[in-house]
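Novice: generate a structure from the sequence data that follows.
(chains A, B and C)
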Amino acid sequence: MAKIVTPADCAQVIRVLATALLLMLPYFVAPFTLTLLTEALILAIWAMSLDVLVGFTGLVAFGHAAPFGLASYAAGYFAREVSPDFFATLVVAEIVVVAVAAATGFVATRASGVAFAIISLAIAQVLFQIAVAWRPVTEGMDGLANVPLPRAFGTSFGEGRAFYVLTVAAFVGAYAALRRLVDSPFGHTLHAIRTNEGRAAAIGINPRLHKWLAFVISWAIAGLAGTLLVFMKAGTTPMALHWTESGNVLAMTIFGGIGTLFGPAIGAITFDVLRDEFTSRFQAWQFVFGLVFILVVLAFPSGIAGIVNVAWKSLWRSRS
Amino acid sequence: MDLNFLFISALNGVVYGAFLLLTSLGLSLVFGLGRVVNFAHGALYALGGYALIEVMRRTGVGFWPAVLAAPLLVFLVAMAIERTTIYPIRNRPEIYSLLMTFGISLMMIGAVEFVWGTATSLITVPALFAGTVDVLGNQYPLYRLAATTISLVTAGGVFAVIQLTPVGLRIRAISDDAEVAEAVGIDTKWLLTLVFGAAAALAAFAGALGAPIFAIYPEMGTNILLDSFLAVILGGLGDLPGSAIGAFVVALTKAIGGGYIADWSVAVLFLVVAAVLVLRPTGIFGRGRIA
Amino acid sequence: MAQPLVVQDLCKAFGAFRAVDGVNLEIGAGRVHSLIGPNGAGKTTTFNCISGFLRPSGGQVLLGGRDVTGWPPHRLVAGGLARTFQITKVFGELPVAENLALAARSRAGLNLNMWRRARSAAVADRESEEILDLVGLADQAALRADQLGHGDKRVLEVAIALVLRPTVLLLDEPTAGMSTAETARITTLVRSLVNRTSVLLVEHDIEMVLAISDEITVMTRGRVIAHGTPDAIVRDAGVQEAYLGATEASFW
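Specialist: Have a look, this model is predicted:
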């Protein structure tokens, strides 16, 4: 008896194929493209973490550069001063990020809408100021430099290909974990809070607790991305915490399509590739990007993922 | 404690405060009226400065005519922006206006960099107010005092219009309750466009007037944008007198704190504002709207 | 055995205005208790104070003997209290079945579970189906909640509350905006709940109230002016005056 192929099965096959493709890429592409892809995947992790807040909980964060830059600084400092062991560094960076997230999230999640957006921005600004002013540790505007290559499993991960594979593993892991999270009962409560917070409270969901958890989880995943980036770039600067960076990740996420996880991932990759293409040709990257962003907000609020979803649904409808 | 240093810092704070006042009033008006959070306000301020340069360069007029022409140009540009991008999303949640104006600010700053480059332009102080003046034993630039006075007078004019004119009455009505205002026959659509343009003109005027003091460069709007947000939140979104006071609180904190604890003063400011947003979302005076 | 719901000397003031001024209520197990009164009497405010959406200025709310005064809504749900809203509050974007499943999972204590697949929580499906059948919405389970007609949406509200298996169910103007047929449907539904839960309802439809209530409390201007069985209330002179007087005024 033939097994009926469901959309879910198909999606799973696509995921496996995509992962295989990603892993095989180093053998086909030039080293420079590989570096670009590595960066794109890191941004994808960062964007997915923002989607948890924006797409699933309904909290639009205007300061998501905060966990990203904070992790870069914590990881970079630890790697340089103590040990470049990747996993040790990651743990330390995550401890810092989660601690700050827990404290600031407690305040931030008491607000919503525009107020939350501004508080989120304020947090990033404070961290930015600290990065600039706390020269003994952060070295001010010059930023941290000379962060060594990460070490894991006894070897150094300097070579492009090895670090790329590490990043792919992180990306796949982050995606799988977040997918699990949003499909879980907890994930559904976030959606409920986003749809109608009063109703959610009236069925026994504790909105503030859940929003706080979503905030901390979102920061933790962003922390993974920040740790990877500081190793990739062998350093970081306060600009990583600048509000334009927060704007970039928000734009990528919205452009990709909030509430889908894969949307922001694609949005981030597209953004990075386009940015690379454009800045080498156009001076007006910011102008074009702003224009595209406006068009997406105006006409395609569901982003790329929205278009994909429509196509996907019509495909399955025509089959049945 | 060097009293003189403190005095000069405070004076600088007042000067900055006068300009921040103009941008904050505009931001607060637009929010109170249309529930629009205008992230492009800083870019409009910058545009005022660049319009000043262009007008002076192309037409050869002096500083003063240009300082009046620049806001007018930005007024028209802003109205066009409102009609094409903000009006279409007026029924969506407020966060969309923040996103939309963020995109607009990216476009505007990108355009500015593209057309004028990223270098800083310095504008010489107009002859009328050149030189320094003796203030309690210090030589203080006369232009700063003059520009401050002009800004304060302009702000006063804005308050007068809001409180005393029929237009101002309509604005206050809509700020209070947009639905009722429409039911009573006030054409909210065009008034919103007009006020958006006027707020932009105020910001542009500040940018142009302040050019001899603060210089002109693409990112000049960023700091004043964030400071304006802080001021308006402190005072209460939509509460004009509150925003005015908020502007001076922010400016003086930055100026005086900046002299003593340098970069940390901004951090402190942000923390205070975050606290206000959480504990008293209607602003310190409790008369504003909840963000 | 403690009464399911006891309200003692409940007060709520907004500045100088006392919206609720010393209200006392007691609801027995399996009873239907109605709260009526002219507009502005403070009924919904009382409701909001009991259900955690407003913090009382004074007085006590006891749920099954426990003092739950000032508890937030989600905590009250765990304590056995559920409510519906005067202005329909459902999860519009989500399918009807998911609206109920959310409540069922919440009741099963799964809210913080981050690793199971929500869809596979069979307990949620079983309970939801049962309630859907009870309220007559089984055919519309897959529709988005905001695609339902007004009457069906109000029924969905009740269904969501029922999935929570409350000991006390608060219904806030359940028949608001409904036709006679729909009202009859709700009336039958509320009558059938007698074995499951105690009901406190706020209503303007006097006929319906008289038909289904075991007890009625009448409020005006923040105070209770009468309390008793439907027969007693109908004959009460004070109630007649309050209502006749009030209905004339509110008519204009």
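Novice: neighbours of the spatially closest residue to residue A:145 that is not a sequence neighbour, how many?
Specialist: Counting by C-beta to C-beta, 6 or more residues apart in numbering or on different chains, residue A:145 lies nearest to residue A:235, which is 4.2 Å off, once chain neighbours are set aside. Where C-beta positions appear, they are placed from N, C-alpha and C, glycine not excepted. Neighbourhood size, residue A:235 [other C-beta atoms under 10 Å in any protein chain shown]: 20.
Novice: contacting residues around residue A:235?
Specialist: Contacts here follow C-beta atoms under 8 Å, 6 or more residues apart in numbering or on different chains; on that basis residue A:235 touches A:76, A:143, A:144, A:145, A:146, A:147.
Novice: name the member of the residues you listed with the most neighbours.
Specialist: Greatest neighbour count in the contacts of residue A:235, by other C-beta under 10 Å, goes to residue A:76: 28 neighbours.
Novice: can you tell me the element it falls in?
Specialist: helix A:65-81 (DSSP states H and E).
Novice: how about the CA coordinates for that helix, as PDB?
Specialist: What follows is helix A:65-81, C-alpha atoms only, in PDB (Å, rounded to 0.1, in the frame of the first residue of the first chain):
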ATOM      1  CA  ALA A  65      21.700  44.400  18.100                       C
ATOM      2  CA  ALA A  66      22.000  44.300  21.900                       C
ATOM      3  CA  PRO A  67      22.300  40.500  22.400                       C
ATOM      4  CA  PHE A  68      24.300  40.100  19.200                       C
ATOM      5  CA  GLY A  69      26.900  42.700  20.000                       C
ATOM      6  CA  LEU A  70      27.000  41.800  23.700                       C
ATOM      7  CA  ALA A  71      27.800  38.200  22.900                       C
ATOM      8  CA  SER A  72      30.500  39.300  20.400                       C
ATOM      9  CA  TYR A  73      32.100  41.300  23.100                       C
ATOM     10  CA  ALA A  74      31.800  38.700  25.900                       C
ATOM     11  CA  ALA A  75      33.000  35.900  23.600                       C
ATOM     12  CA  GLY A  76      35.800  37.900  22.000                       C
ATOM     13  CA  TYR A  77      37.100  39.100  25.400                       C
ATOM     14  CA  PHE A  78      37.000  35.600  26.800                       C
ATOM     15  CA  ALA A  79      38.500  34.000  23.800                       C
ATOM     16  CA  ARG A  80      41.400  36.400  23.800                       C
ATOM     17  CA  GLU A  81      42.100  36.700  27.500                       C
END
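Novice: which strands and helices sit next to that helix?
Specialist: helix A:86-108, helix A:113-133, helix A:135-138, helix A:207-232, helix A:243-256 (3 or more C-beta pairs under 8 Å, 6 or more residues apart in numbering or on different chains; DSSP states H and E).
Novice: make it 7 Å
Specialist: Secondary-structure packing of helix A:65-81 (3 or more C-beta pairs under 7 Å, 6 or more residues apart in numbering or on different chains; DSSP states H and E): helix A:86-108, helix A:113-133, helix A:207-232, helix A:243-256.
Novice: and the last one, what other elements does it pack with?
Specialist: Spelled out, that is helix A:243-256. Applying 3+ C-beta pairs under 7 Å, 6+ apart, one finds that helix A:243-256 contacts helix A:31-51, helix A:65-81, helix A:113-133, helix A:262-281, helix A:285-299, helix A:303-319.
Novice: can you redo those helices as TSV with mean pLDDT and distance to residue B:214?
Specialist: Formatted as TSV, the helices and strands packed on helix A:243-256 follow (pLDDT from 0 to 100; distance: least, C-beta to C-beta, whole Å):
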stretch	mean pLDDT	distance to residue B:214
helix A:31-51	92	34
helix A:65-81	93	26
helix A:113-133	85	20
helix A:262-281	86	29
helix A:285-299	83	22
helix A:303-319	80	38
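Novice: that older thread, and the angle for the helix holding residue A:76 with helix A:31-51?
Specialist: 130 degrees (axes from the mean of the first three to the mean of the last three C-alpha atoms, to 10 degrees).
Novice: just give me the closest of the contacts of residue A:235 to chain C.
Specialist: residue A:76 (30.0 Å; C-beta to the nearest C-beta).
Novice: middle-most residue in chain A, spatially?
Specialist: By C-alpha atoms, centre = their mean, chain A has its centre lying nearest to residue A:46, at 1.2 Å.
Novice: check contacts around that one.
Specialist: With contact taken as C-beta atoms under 7 Å, 6 or more residues apart in numbering or on different chains, residue A:46 is in contact with A:68, A:222, A:225, A:249, A:268.
Novice: and of the residues you listed, the nearest to chain B?
Specialist: Checking the contacts of residue A:46 against chain B with C-beta to the nearest C-beta, the nearest one is residue A:249 at 12.3 Å.
Novice: just give me the neighbour total for that closest one.
Specialist: Counted with other C-beta under 10 Å, residue A:249 comes out at 25.
Novice: what of residue B:241?
Specialist: Residue B:241: 14 surrounding residues under other C-beta under 10 Å.
Novice: over to the one 4 residues further on?
Specialist: Using other C-beta under 10 Å, residue B:245 has 21 other residues around it.
Novice: same check on residue C:55?
Specialist: Counted by other C-beta under 10 Å, the residues lying close to residue C:55 total 12.
Novice: what does the one 4 residues further on give?
Specialist: By the criterion of other C-beta under 10 Å, residue C:59 has 19 neighbours.
Novice: and the one 10 residues further on, by the same measure?
Specialist: Using other C-beta under 10 Å, the number of residues around residue C:69 comes to 19.
Novice: before we move on, what about residue B:12?
Specialist: Neighbours of residue B:12 (other C-beta under 10 Å): 20.
Novice: so what's it up against?
Specialist: By C-beta under 7 Å, 6+ apart, the contact list for residue B:12 reads residue B:255.
Novice: near chain C, which residues of the stretch 101-250 of chain A?
Specialist: Within the stretch 101-250 of chain A, the residues that sit near chain C (C-beta under 7 Å from any C-beta of the partner chain) are A:180-181, A:183-189, A:192, A:195-196, A:198-199, A:201-206.
Novice: rerun that using 6 Å as the cut-off
Specialist: When proximity is defined as C-beta under 6 Å from any C-beta of the partner chain, the stretch 101-250 of chain A approaches chain C at A:181, A:183-186, A:188-189, A:192, A:195-196, A:198-199, A:201-206.
Novice: can you say which of these are buried?
Specialist: For these, a burial check counting by 16 or more other C-beta atoms under 10 Å in any protein chain shown picks out A:181, A:183-186, A:188-189, A:192, A:195-196, A:199, A:201-206.
Novice: just the pLDDT for the residue nearest to residue A:145.
Specialist: Residue A:235 is assigned a predicted lDDT (pLDDT) of 88.
Novice: that concludes my questions; thank you for your assistance.
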